[in-house]
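# sequence-free structure coming up:
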């Protein structure tokens, strides 16, 4: 992922907070076997310390690829919107001569994957995931010796992704004038489609921290 200096995360806390704010679904990308395309799997995940936890169905074709090469990438994106060209026009220029762009946040984790296959280890992985996704505990005990999870555990395999590097990007025109960014956030709020509202919120959050961007 290419990251311009003005799009980079301001610190680790910024991307960590963004992930913690319900951005818990992403794409697991695995190098394909020789002669095959990469394998990409959309899936929920949870953060466990500095690792990511995932579980997938045993028949998933991703397992052979991971056994051949455990270096994987996990990508999370969100808060995105299309920005029409006229919204980005400089004062005194023809609005239709300005080019459009995309706003978005993206965090890429470069990881070394290890397979979790033991019944108790898989049960513990699921417990950690359920603590995140169903924190009220409104589910049956996750125990290898008890139904329903006990009989279902053989059908899944777990993945622990040890994060080696994080690449975070918040692309919200931070190198442009404050007045233009404020106007774009207002227009996003007025348009109000799809993810316009959270995109405007991200732009205003970055505006508060960055102000006038300085190289």
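Structure's in. What do you need? Everything numeric here is computed off the predicted structure, so don't read it as measured data.

# got a list of what the residue sitting furthest away from the middle of the chain touches?
Distance to the chain centre peaks in the chain at residue 92, reaching 38.2 Å (criterion: Cα atoms, centre = their mean). Contact analysis of residue 92 by Cβ atoms under 8 Å, 6 or more residues apart in numbering lists nothing. Placement of C-beta: from N, CA and C, glycine included.

# Check residue 96 too.
Counting by Cβ under 8 Å, 6+ apart, residue 96 makes contact with 85, 86.

# That one should be in a helix, yeah?
Yes: with DSSP: H, G, I helix; E, B strand; the rest coil as the criterion, residue 96 is part of a helix.

# Report the buried residues of stretch 146-154.
Going by neighbour count (16 or more other Cβ atoms under 10 Å), the buried part of stretch 146-154 is 149, 150, 153.

# Number of residues surrounding the spatially closest residue to residue 194 that is not a sequence neighbour?
Excluding the flanking residues, the one nearest residue 194 by Cβ to Cβ, 6 or more residues apart in numbering is residue 81, at 7.0 Å. Neighbour count of residue 81, defined by other Cβ atoms under 10 Å: 22.

# Ok, the one 5 residues further on next?
Residue crowding around residue 86 was assessed by other Cβ under 10 Å; the count is 13.

# That one contacts residue 95, correct?
Yes: shown here, residue 86 and residue 95 form a contact pair, counting by Cβ atoms under 8 Å, at 3.6 Å.

# buried ones in stretch 187-194?
Buried residues in stretch 187-194 (16+ other Cβ under 10 Å): 188, 191.

# which residues are contacting it?
81, 87, 196, 197, 199, 200, 203.

# from those, which would you call buried?
For the contacts of stretch 187-194, buried by 16+ other Cβ under 10 Å: 81, 87, 196, 199, 200, 203.

# Contact partners for the closest residue to residue 171 other than its chain neighbours?
Spatial nearest neighbour of residue 171, excluding adjacent residues (Cβ to Cβ, 6+ apart): residue 7 at 4.7 Å. By Cβ under 8 Å, 6+ apart, residue 7 lies in contact with 169, 170, 171, 172, 174.

# again, but for residue 50
So residue 50 contacts 162, 163 (Cβ under 8 Å, 6+ apart).

# Give me the pLDDT for it.
pLDDT for residue 50: 96.

# Ok, residue 91 next?
Confidence at residue 91, expressed as pLDDT, is 88.

# about what we covered before: inside strands: which ones of the contacts of stretch 187-194?
If you go by DSSP state E, the contacts of stretch 187-194 have residue 81 in strands.

# Which one of the contacts of stretch 187-194 is nearest to residue 182?
Using Cβ to Cβ, residue 203 comes nearest to residue 182 of those, at 8.7 Å.
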